[in-house]
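# structure of the sequence below:
(chains A, B and C)
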Amino acid sequence: MTNVAQEIAIESQHAAEAQAASPADKGGGKKRNAVFGLAVGWLVFVVVLVGLGWIFGDSLPLLRDPKEIQTDAVFAGPSWQYPFGNASFGEDIFSQVVAGGRISLRIAAIVTFLGIVIGGGMGLIAGYYRGVIDSLVRLVINVTLSVPALLLVIFIVTIRSQSEKWVIIALTLLAIPALARIVRASTLQVADREFVKAAEVVGVKRSKILLREVLPNVMPTLISFAFLTTGIIIVVESTLSFLGLSVESPAITWGSIISEGRNKFADTPHMVAFPSLVIFLTVLSLNFVGDQLLKRFDIREASL
Amino acid sequence: MTQNMLNVTDLRVDFSTPSGTLRAVDGVTLSLAEGETYAIVGESGSGKSVFSRTLINLLAGNGTRTGTIEIGGRDIDTLSKSESKHFFGVDVAMVFQDPMTSLNPVKRIDAQLTEAMRFHLSISKSEAKERAINLLKQVHIPSPEQRMRQYPHELSGGMRQRVVIAMALACEPRLLIADEPTTALDVTVQKSILDLLDELRIERKMSMILVTHDLGVARGRADRVGVMYAGRLMEVGRTEELFAEMRHPYTQALLQSIPNPAQRSHTRLQPIPGRPPNLLDPPTGCAFAARCRHARPDCLESKPALDDDHGNVDGHRWACFHPVGTPDGDAALRTNLDAGENAAGLSMAEVVGELV
Amino acid sequence: MILILIIIALVAIVGWIVYSAGPKFALTRFGGAIVVLVLVTFGVSAMLSFTSGEESTRQALEELGVSRNAQPCVTALGTGASVENVNACVEDRGLDRNVFAQYYVWAKQLVWEQDLGLAFYKNGELLSDTMEQRLPRTAWLFLYSQLTALVLAVPLGIWSAYQAGRSGRRFPSWALPVGIALLLLLGFFSGFRLTSLFALVIAFAALYSIFKGGKMADNNTNFLAFALLSIPVFVLGETLRYALAIERDIYQLTGYEPWSNGAANHIKSIWLPAIVLGLAATPVYLRLLRADMIQNLQQDFVSVAKAKGLSNTHILLRHVLRPSTVTLITVLGLNIAQLVNGAIVVEFIYDLDGMGSYLIQAFARREFFAVQTIVALVAALFILTNTVIDVLYTAVDPRVKADAE
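Numbers count the residues shown, from 1 in each chain, chains lettered A, B, ... in the order given. This is a model prediction of the structure:
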């Protein structure tokens, strides 16, 4: 029941990309490193800003209570006082974005963490020990991924409740099999390598081999995909809140700001534009970092 | 005098890589008369493949060349766009080394044969097909009509190479470049392929450049030989002359490193010590100096030109300051033997050393 | 009717597979697929049966005279429902029985009686009717978007793979950023709208890349694909909706027009959402095709073709393209999941009453039973497509058989 074709498609894409990225690409070049630095910088910036906003609230410059009503500035565009403009009751969008980041990033972080630990663990064990456990894990992966992602998540959230807890559970249910599949594939490759087989022949305990030989070699792939997965989670979560199905108001998330902005037609592009820009840049950075890490680590396997 | 089929003047080919500029061909000049076979001999990395591919306009994206190439009297740089479209593959053609990968695995033989014809000559599909069948007959493939409809993997290695040859001949070229045409084949098949090439060449009055690393092939099939090392020609001349009286230490070393049935049994083979120079950072002076037993200090300072001391352009020439078989060269050798090492610091024991 | 056609197609496929790969093989594959399908639908059903809510709600229901488990029915029927109706609903769905019984009830209804159930419980609208009306819209959306994606991805993929190995025209490298900066300044001061400016910058960058060619063009295309990949579908959809439908009148948000109302009207009503969905799929196809083509371009037979004097275009299109499309075609089939995800969002944004919007409404109104059925259908379609492609792959590539245990 392996979804061989899909795995082949994914792996061949990565392999082809790794090969297609000629040695000249690998050299990196200053430009690529600069962009990498930018991406990381942006991510750090967002996390720090949101974190500070969480801890210090409105005492920071430029930030004010996201709910604070400014009746004289309803739907105003960006200005010095309100760098992202104002919302339907004059609230400062910039503060809203910073506040909204809390939920979006928190969810993303928790889900990715759980995905790495549980999904990664599952993939590792399944890929190394094989046998019944492997069949079971593969079954779980296939079952969970037979339903399109958004559909599954919406389903879970609506039949339970639109609380942060359930959104996290739903997204985790998505992240775990995705990461498990990747980690399993990587573990299979690593377990096949000679130094692992050598250790087994010598008689080292399998669990030790798993931890000391296999895991460190699977790590790079896992980390790269963790970044990519975080990006996907952010996208799914914001899509959910855009559709009105994530955490409900008064909670603010990036998607909810956009959703509110679209309902009022004319002349409020800033309500949609700025959070969109933030989401785009964040996801782009995450994708870029993950992609670059993949290219740097995952090369030689593929070309063989 | 009949016009030369091929005139290459001071050809240099550079590749720009992330680690710097790599000079693969470093000033090669040679001429080929009509109906002649010229063998270019060299080890891997000598630049012979790059050279032959440049002649047929197969230069990789990051490569640049200087110097002139005249094929059939035409300078290929002066060809107009429409002329060059139907020049390569028509006036000059190439036979590649590996018949397994040279043929497109998902296309039938007839498609691959007729493709070039239909592209270059405006002939009908049926006529192209007829010509293709004739070509297959000329390369001695039995039951050509059936073979036409087959795929490459249904043919043996030798047959595939014959098809590759047929493909090259499809538009009746006057110059054929064969890049190691037999390297990927069994020894028994090698002879038949080389015989075939000879036969076709004579029949069609083609000139041929035969690129090979196999001295035996060069000796047996070529009118003239050019020995290439690190992108330069080290020794050129008519085959009999060159092999009878080789002058360049590299040529000599090459011959001594392969088994020769004419010698007594248990004669030791002498491998050439060291390795070819790094083409990204080539040495000043002769490229072979580091591995040469005749190397003297002047060899490290400047590159010798291809010459025979008499200025004779068409005869046997070599690029060496202390050639083999000359008093100068013998003296150089003696000095090095006494010193125990050559001018580049290579221990002479290694040079005249023993095969493990 | 359509169901019959589908069943015939299925039987044909199964038959062919059994013929070519052996009955045992087909059995394991299809058996596996069915197991997965059953598990999925059972999981959905099980999740539903645990939604009866908190204790307080259940007690309240009991006090009202209905079953403790009646919550879903109450939501479906609305607040004004009578006790009898609610109880009838509970009986219908077997809400009082255990998980397996509920699953059985549902499964029997779907498979045996071919009754898809109700779309909206309240007004008794049949799901089959809803599907008949809405499914074509979503189907057209799928079709047009995939066509768009291919039309964009294939030429770009070929072109950028070809450019990857060449050196472009000599041009100062500062020309691009300077040009963009100039455009931005110019536009800003002339009072161009942001969206026009943005479009201009992109057009400029594109023209520049095409003109310059070479590795840079390939890198730019790659970057574009990457950026497109990182934009959530709803952002893309919302932005384009704003730019083309609100700021200007290029696209009218008047809702869907079927073919029967005229081809022009039909296309006019659906082109923008189709393009949005197509743009979302383009980068995936682009990268796949490009990677495969680059690999194939490095093969020997390409040098041979070049030595034969064939033109680059000829070689690209008639020698390299065909083998490079294998992965792409595989992924095309597997992309249904993405399409479903995207369709939900796009239909929501552009107000197209297709299956996607229906799903949203169904969720909002807690029409769980309908949802269960649709999830089952989608999953079935997905699993089936996967299995067929899987089997085809195995038949084509023998080394996969060894891999697949």
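# tell me which element the nearest residue to C:P323 once chain neighbours are set aside falls in.
Excluding its sequence neighbours, the residue lying closest to C:P323 (CB to CB, 6 or more residues apart in numbering or on different chains) is C:N296, at 5.6 Å. (C-beta placed from N, C-alpha, C; glycine too.) Assessed by DSSP states H and E, C:N296 sits inside helix C:263-297.
# pLDDT on the following helix or strand past that helix, on average?
Using DSSP H and E, the helix or strand that follows helix C:263-297 towards the C-terminus is helix C:300-307. For helix C:300-307, the mean per-residue pLDDT is 87.
# tell me what helix C:300-307 is packed against?
Contacts defined by 3 or more CB pairs under 8 Å, 6 or more residues apart in numbering or on different chains; DSSP states H and E place helix C:300-307 against strand B:92-95, helix B:99-102, helix B:157-169, helix C:312-315.
# now do 10 Å
helix B:48-55, strand B:92-95, helix B:99-102, helix B:109-120, helix B:157-169, strand B:175-179, helix C:312-315 (3 or more CB pairs under 10 Å, 6 or more residues apart in numbering or on different chains; DSSP states H and E).
# list the buried ones in the fourth one?
When neighbours are counted by 16 or more other CB atoms under 10 Å in any protein chain shown, the buried residues of helix B:109-120 are found to be B:109-120.
# ok, which of the helices and strands packed on helix C:300-307 comes nearest chain A?
Closest to chain A of these is helix B:99-102 (CB to the nearest CB; 16.3 Å).
# is the closest one positioned near chain C?
Yes: for a cut-off given as CB under 10 Å from any CB of the partner chain, helix B:99-102 has contacts with chain C, namely B:99-102.
# for B:S46, give its distance to A:R102.
B:S46 is 66 Å from A:R102, where distance means CB to CB, to the nearest Å.
# nope, B:E145 is what I meant
According to CB to CB, B:E145 stands 77 Å off from A:R102.
# ok, A:V272 next?
Distance, A:V272 to A:R102, by CB to CB: 20 Å.
# give me the more crowded residue out of B:S46 and A:R102.
Taking other CB atoms under 10 Å in any protein chain shown, B:S46 and A:R102 do not tie; B:S46 has more neighbours (26 against 16).
# correct me if wrong: that one contacts B:V227.
Yes: using CB atoms under 10 Å, B:S46 is in contact with B:V227, at 8.8 Å.
# shared neighbours of those two, which are they?
Counting by CB atoms under 10 Å, 6 or more residues apart in numbering or on different chains, the shared contacts of B:S46 and B:V227 are B:40, B:233-234, B:250.
# so which of these is the closest to C:Q109?
Within those, the smallest distance to C:Q109 is 80.4 Å, found for B:I40 (CB to CB).
# what lines up beside the helix or strand the closest one falls within in the sheet?
For B:I40, the host element (DSSP H and E) is strand B:37-41. Using DSSP bridges, strand B:37-41 pairs in its sheet with strand B:207-212 (parallel), strand B:224-229 (parallel).
# about what we covered before: can you add distance to chain A and pLDDT and give the buried residues of helix B:109-120 back as TSV?
Output for these, formatted as TSV (distance: CB to the nearest CB, whole Å; pLDDT from 0 to 100):
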residue	distance to chain A	pLDDT
B:I109	29	89
B:D110	31	88
B:A111	26	89
B:Q112	25	89
B:L113	31	89
B:T114	31	90
B:E115	27	88
B:A116	28	86
B:M117	33	89
B:R118	32	88
B:F119	28	88
B:H120	32	88
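# need the max-distance pair from these.
B:I109 and B:H120 (18.5 Å).
# check contacts around residue 148.
Since no chain was named, I'll use chain A. A:P148 is in contact with A:154, C:336-344, C:375, C:378-379, C:382, counting by CB under 10 Å, 6+ apart.
# meant chain B, my bad for not saying
Shown in contact with B:M148 (CB under 10 Å, 6+ apart): B:108-114, B:129, B:132-133, B:136, B:141.
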